[in-house]
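>>> Test case, fold it:
(2 chains)
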Amino acid sequence: AQSVTQLDSQVPVFEEAPVELRCNYSSSVSVYLFWYVQYPNQGLQLLLKYLSGSTLVKGINGFEAEFNKSQTSFHLRKPSVHISDTAEYFCAVRGYGGSGGGADGLTFGKGTHLIIQP
Amino acid sequence: DTGVSQNPRHKITKRGQNVTFRCDPISEHNRLYWYRQTLGQGPEFLTYFQNEAQLEKSRLLSDRFSAERPKGSFSTLEIQRTEQGDSAMYLCASSLAQRAGELFFGEGSRLTVL
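Just a heads-up that it's a prediction; the model follows:
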């Protein structure tokens, strides 16, 4: 089974400042990693994913994330945020190559609320 | 709109009543997932289908919950004898099997049990 820890429930940041949202995971098998975003009153949408290859992945809206296997982390970053980035951000993991509950479903973290201050 | 559609968006019911939610996935997607989300938590996996076959169920899915996808298209999630602890947002998502993990979510159905 897998688990995801998002250490920060809420991150306030000023507009145009950089931001990093932290995500750590635990798994006994290899993993695929994802970040989803949920804007107010909307469904979750995929922001970016790591499946294999380059550990630095780029997503929509200027976000990027880096997979660090030794630290079991997949932190999300953006160099300059905008008011429109205000949303809930969820890190998710899917294991592969082994057995376990929810192996084909995603395991989500509790989410980080990104608050952009003008 | 060709996204994932969920109905009803809101449901208020009394404890002990049965409720049913419907999900219409993206038409070419063969996988359909149900998740539950409570306040301050991330989505929790409940079950998923590949075409009409229910391939996996979470331990969270008690006997009062049943999900179907009779023709491999839309799906229903029924909760019998609702309890206050069932109050949550029920999310549906769909994907292509070869791109599992890349889920497209609906806006959810919010259940309030009084």
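
>>> Residues of chain B that sit close to chain A?
By CB under 8 Å from any CB of the partner chain, the residues of chain B that approach chain A are B:3-4, B:31, B:33, B:35, B:40-45, B:48, B:55-56, B:58-59, B:91, B:93, B:100-108. Quick note: C-beta positions are derived from backbone N, CA and C, even for glycine.

>>> Could you give me the ChimeraX syntax to select whichever of those are buried?
In ChimeraX syntax, the buried subset of those is picked out as below (16 or more other CB atoms under 10 Å in any protein chain shown):
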select /B:4,31,33,35,42,43,44,45,48,56,58,91,93,100,101,102,103,104,105,106,107,108
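
>>> Out of the residues of chain B next to chain A, name the ones that lie in strands.
Mapping the residues of chain B next to chain A onto strands (DSSP state E) picks out B:31, B:33, B:35, B:44-45, B:48, B:55-56, B:91, B:93, B:104-105.

>>> For chain A, what lies in contact range of chain B?
Applying CB under 8 Å from any CB, we find that chain A lies next to chain B at A:4, A:6, A:9, A:32, A:34, A:36, A:41-46, A:49, A:51, A:90, A:92, A:94, A:101-111.

>>> make it 10 Å
Taking CB under 10 Å from any CB of the partner chain, the part of chain A that reaches chain B is made up of A:4, A:6, A:9, A:31-34, A:36, A:38, A:41-46, A:49, A:51, A:88, A:90-94, A:96, A:101-111, A:113.

>>> What subset of those residues is buried?
A:4, A:6, A:31-34, A:36, A:38, A:43-44, A:46, A:49, A:88, A:90-94, A:102-111, A:113.

>>> Show me what the host helix or strand of A:Ile116 is in contact with.
Assessed by DSSP states H and E, A:Ile116 sits inside strand A:112-117. By CB atoms under 10 Å, 6 or more residues apart in numbering or on different chains, the surrounding residues in contact with strand A:112-117 are A:6-17, A:19, A:21-23, A:37-38, A:76, A:78, A:81-91, B:40.

>>> per-residue confidence at residue 4?
In the absence of a named chain, this looks at chain A. On pLDDT, A:Val4 comes in at 95.

>>> meant chain B actually
For B:Val4, the predicted pLDDT is 95.

>>> Contacts only, for it.
Here B:Val4 is in contact with A:43, B:23-26, B:29, B:32-33, B:91-94, B:103-108 (CB under 10 Å, 6+ apart).
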